[in-house]
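*Asks:* have a look at this prediction, sequence included:
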Amino acid sequence: GSTITTGLNFGLYDGPHRSEHAAALVYFENRWQHGMRAEKGRLRQALPLVVVTENLLDPENFVTLDEDDNAFVSFKAPSDYAVKGMARALEKLPDLLAPLPVERLFDRGIRPTESHVQGTLRMGTGPADSVIDSGMIHHQLRNLVVVGTSTYPSCSCANPSLTAAALSLRAAGRIA
Ligand SMILES: Cc1cc2nc3c(=O)[nH]c(=O)nc-3n(C[C@H](O)[C@H](O)[C@H](O)COP(=O)(O)OP(=O)(O)OC[C@H]3O[C@@H](n4cnc5c(N)ncnc54)[C@H](O)[C@@H]3O)c2cc1C
């Protein structure tokens, strides 16, 4: 009865590991694409989980427009940083799930992207490597405010919408 993405677990999220590999978000995936269990009485005794890791910016990942302004996303592959984060998360998963009566873990492989296109107008301290400042205002065009997930400096593993809303309201509040 919940949304498709719920039960977000931040147990593998922040920490010193982030200097070497990505933060990981573990959540319950309410799509049941694998179906139910076949054993009698155990139909629903499965816990489909997704592990999402953050991705770093890469010049080979970009968005282009054609002559009719249709947007096309070019995505090379997850960074080593993200892939290492996934490996670490799988290693740590048994500890994270230790309070539950887990019989077996099945790894169903890597989904290449979470479909979150971010970082094309990123926030930063100066125009050399970013577009807007921490108040969401363009570094040079000081009457231009940019809101949305394009402003994120990296692709966090957290779902982005609420942060975008919060940053937008904050920017509007500052202008008001
Ligand atoms: C499949 C999928 C699943 C997702 N699931 C989740 C989720 O569960 N939770 C979550 O938090 N996030 C989720 N997201 C991410 C979330 O939807 C996006 O991060 C969010 O919508 C981005 O908001 P935005 O305002 O930055 O951009 P958008 O919502 O893309 O808004 C940009 C707007 O600008 C318009 N536009 C573009 N060019 C022009 C132009 N030239 N002139 C005028 N208008 C223009 C576009 O039509 C669009 O309406 C998901 C994304 C995808 C693709």
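*Replies:* Sure, I can see it.

*Asks:* for the rest of this, base every contact and every neighbour count on C-alpha atoms.
*Replies:* OK.

*Asks:* how near is the closest residue in space to residue 125 that isn't next to it in sequence to the ligand?
*Replies:* Sequence neighbours aside, residue 133 is the residue nearest to residue 125 in space, at 6.0 Å (criterion: C-alpha to C-alpha, 6 or more residues apart in numbering). Residue 133 is 16 Å from the ligand, where distance means C-alpha to the nearest ligand atom, to the nearest Å.

*Asks:* check residue 61 too.
*Replies:* Relative to the ligand, residue 61 is positioned 16 Å away (C-alpha to the nearest ligand atom).

*Asks:* and that residue, what pLDDT?
*Replies:* At residue 61, the pLDDT value in this model is 90.

*Asks:* how about the spatially most central residue of the chain, what does it touch?
*Replies:* Taking C-alpha atoms, centre = their mean as the criterion, residue 157 is the residue nearest the geometric centre of the chain, at 2.8 Å. Counting by C-alpha atoms under 8 Å, 6 or more residues apart in numbering, residue 157 touches 23, 24, 25, 52, 53, 54, 55.

*Asks:* okay, who's weakest in these by pLDDT?
*Replies:* Out of these, that is residue 55, at 90.

*Asks:* what is it paired to in the beta sheet?
*Replies:* Beta-bridge partners recorded for residue 55 (DSSP bridges): residue 155.

*Asks:* okay, it and residue 42: tell me how far apart.
*Replies:* Here residue 55 is placed at a distance of 37 Å from residue 42 (C-alpha to C-alpha, to the nearest Å).

*Asks:* which one of the two is surrounded by more residues?
*Replies:* For residue 55 versus residue 42, the count of surrounding residues by other C-alpha atoms under 10 Å is larger for residue 55: 22 against 10.

*Asks:* list the contacts for the more buried one?
*Replies:* 22, 78, 79, 81, 82, 154, 155, 156, 157.

*Asks:* and the protein, which residues reach the ligand?
*Replies:* Neighbours of the ligand within the chain, by C-alpha under 6 Å from any ligand atom: 115, 116, 148, 149, 150, 159, 160, 161, 162.
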